[in-house]
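*Asks:* The following comprises the amino acid sequence and a computationally predicted model.
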Amino acid sequence: MSRKHKKVLRKNITLIMCALIGTIVVVYGVGMILFRGYVLIKMLMTDESWYVVRNTRGVTGFVGPGSKPVPLTDEEVESMGVVEMPIDIDLEVGESVRVISGPLREFVAIIQEISVEKHKIKALIDMFGRETLAELDFNQVEKLV
């Protein structure tokens, strides 16, 4: 699978699937792809998320016995050179943000909690006169100016 397949896979993930399928990584080395044709996916394995991945155009097979993939250990992922890059976010608790994607798009939210390790915030959104706590990814919100 290539970058093109990564885009197709990401496009296939519906709003509901965003919570289950987190990170799609094409593994690169210095000036080359380490595992040509392979894409690593960090996801919660459910029947729904598995269906989306295996039915993505361009996906031809999986590593592991049978038709189900085998999860990599943290040590295996680290040995491949896959590391999470620290994120520098410019958000603070109590700050107002606009939701820019997902089912809550265009709503304004007030940040209640920031989870840097999960790349998520918890924010209160006023919907129909009632405040509702929502968990959003960093890339789903933008700071209000």
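*Replies:* Nice, I can see it.

*Asks:* now the residue of the chain positioned farthest from its centre: how far from residue 109?
*Replies:* Distance from the C-alpha centroid of the chain peaks at residue 129, with 30.2 Å (C-alpha atoms, centre = their mean). Separation of residue 129 from residue 109 (C-beta to C-beta, to the nearest Å): 15 Å. For the C-beta atoms, the positions are set from N, CA and C on the backbone; glycine is no exception.

*Asks:* now swap in residue 40 and tell me
*Replies:* Residue 40 is 31 Å from residue 109, by C-beta to C-beta.

*Asks:* out of these two, which sits in the busier spot?
*Replies:* residue 109 (25 against 16; other C-beta atoms under 10 Å).

*Asks:* With adjacent residues omitted, what lies nearest to that one?
*Replies:* Among residues not flanking residue 109 along the chain, residue 123 sits closest, at 3.6 Å (C-beta to C-beta, 6 or more residues apart in numbering).

*Asks:* you'd agree the one you found is up against residue 138?
*Replies:* No: with contact taken as C-beta atoms under 8 Å, residue 123 and residue 138 are classed as non-touching, separated by 11.5 Å.

*Asks:* quick one: which of the two has more around it?
*Replies:* Between residue 123 and residue 138, counted using other C-beta under 10 Å, residue 123 has the larger neighbour count: 28 against 17.
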